[in-house]
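> for reference, the sequence and a predicted model appear below.
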Amino acid sequence: MSLDLKSLVRTIPDYPKKGILFRDITTLIEHPEGFRESVERIAATYRGRDITHVAGIEARGFIFGAGVAIALGAGFVPIRKKGKLPGETIGQNYALEYGVDTIEIHAGVVGPEHKVLLVDDLIATGGTAIAAVGLLRRTGTVCDDAAFVIDLPEIGGADKLRAEGVTVSSLMAFQGH
Ligand SMILES: O=P(O)(O)OC[C@H]1O[C@H](OP(=O)(O)OP(=O)(O)O)[C@H](O)[C@@H]1O
Ligand SMILES: Nc1ncnc2[nH]cnc12
């Protein structure tokens with residue numbers, strides 16, 4: 001029987017720094033089979049789809065995105081928080097469930113000839129993912145697919161991302177936030 005990945009995610013009530021029901025993926029990635037199977041299940045959905053690059057959002061999106069990129073034989077594009085990338089960047093502001101931030105990518109890395117899959121650990125309001133897709137699309141690249149380990153559907157971010165013309169997949173959903 002396949003592994004119950006959802007049971008490997010830890011829930012932290014009233015996470016003190018952020019005041020929300022925090023869905024913690026560290027317990028999932030600390031589990032060797034849980035981590036491997038999470039990455040493999042995401043990659044299986046996108047095999048044969050000509051994905052040239054996986055874009056992962058700092059920090060937790062790096063963990064899953066890098067694994068999916070290797071599994072698909074794609075390049076990895078780090079989407080970083082402001083001021084972290086060493087080269088010339090383009091950036092996008094966005095609102096979080098708990099604050100505001102800016103994400104950046106290196107300029108000139110992806111363009112119209114590329115097909116990018118966005119990967120992150122979790123979608124809540126969708127603010128981060130919508131900003132990431134918008135940023136990638138500003139380069140002219142095709143970014144019509146996004147994969148998440150966790151969806152919080154009551155918050156509605158995945159539906160907002162779908163309204164942007166993005167096909168969204170997730171490995172599990174949690175009610176309550
Ligand atoms: O759908 P949203 O409401 O935008 O929230 C989801 C984002 O929030 C978390 O990242 P966070 O910015 O906390 O960064 P971290 O990965 O560095 O902890 C999570 O990893 C997603 O990237
Ligand atoms: N509820 C949540 N749990 C973990 N990470 C998050 N990022 C945004 N909302 C979150």
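Yep, it's here. Remember, it's a predicted structure, so these values are computed and weren't measured experimentally. Ligands and ions are numbered 1, 2, ... in the order given.
> anything in stretch 59-72 near ligand 1?
Yes - applying Cβ under 6 Å from any ligand atom, one finds that stretch 59-72 is in contact with ligand 1 at 59, 60, 61. In short, each C-beta sits where N, CA and C put it, glycine included.
> quick one, longest helix in this protein?
Longest helix in the chain, counting residues (DSSP state H): helix 32-46.
> quick check: which helices or strands does that helix pack against?
Other elements packing on helix 32-46 under the criterion 3 or more Cβ pairs under 8 Å, 6 or more residues apart in numbering; DSSP states H and E are helix 26-29, helix 60-72, strand 142-151, strand 167-173.
> still on that earlier bit, which one of the residues of stretch 59-72 next to ligand 1 sits in the busiest neighbourhood?
Counting neighbours by other Cβ atoms under 10 Å, the top entry in these is residue 61, with 25 neighbours.
> near ligand 2, which residues of the protein?
20, 21, 22, 23, 97, 122, 124, 152, 177.
> next, give phi and psi for the residue nearest the centre of the chain.
Centroid-nearest residue in the chain, with Cα atoms, centre = their mean: residue 120, separated by 1.5 Å. Main-chain dihedrals, residue 120, degrees, to the nearest 10: phi -150, psi 170.
> ok, and for stretch 128-139, which residues are buried?
The neighbour-count check on stretch 128-139 (16 or more other Cβ atoms under 10 Å) flags 128, 129, 130, 131, 132, 133, 135, 136, 137, 139 as buried.
> can that stretch be said to contact ligand 1?
Yes - with Cβ under 6 Å from any ligand atom as the criterion, ligand 1 is reached by stretch 128-139 at 128, 129.
> what average pLDDT does that stretch get?
For stretch 128-139, the mean pLDDT works out to 97.
> and if you look at stretch 40-56?
The predicted model assigns stretch 40-56 a mean pLDDT of 98.
> mind checking how far it is from the chain centre?
Centroid separation between stretch 40-56 and its chain, computed with Cα atoms, centre = their mean, to the nearest Å, is 12 Å.
> measure that stretch end to end?
16 Å (Cα to Cα, to the nearest Å).
> in that stretch, which residues are buried?
41, 42, 43, 46, 51, 52, 53, 54, 55, 56.
> farthest-separated two in those?
41 and 52 (20.9 Å; Cβ to Cβ).
> next SSE downstream of the lowest-mean-pLDDT helix or strand in the chain?
Within the chain, confidence by mean pLDDT, DSSP states H and E is lowest for strand 10-15 among all helices and strands, at a mean of 89. Per DSSP states H and E, the first helix or strand lying C-terminal to strand 10-15 is strand 20-24.
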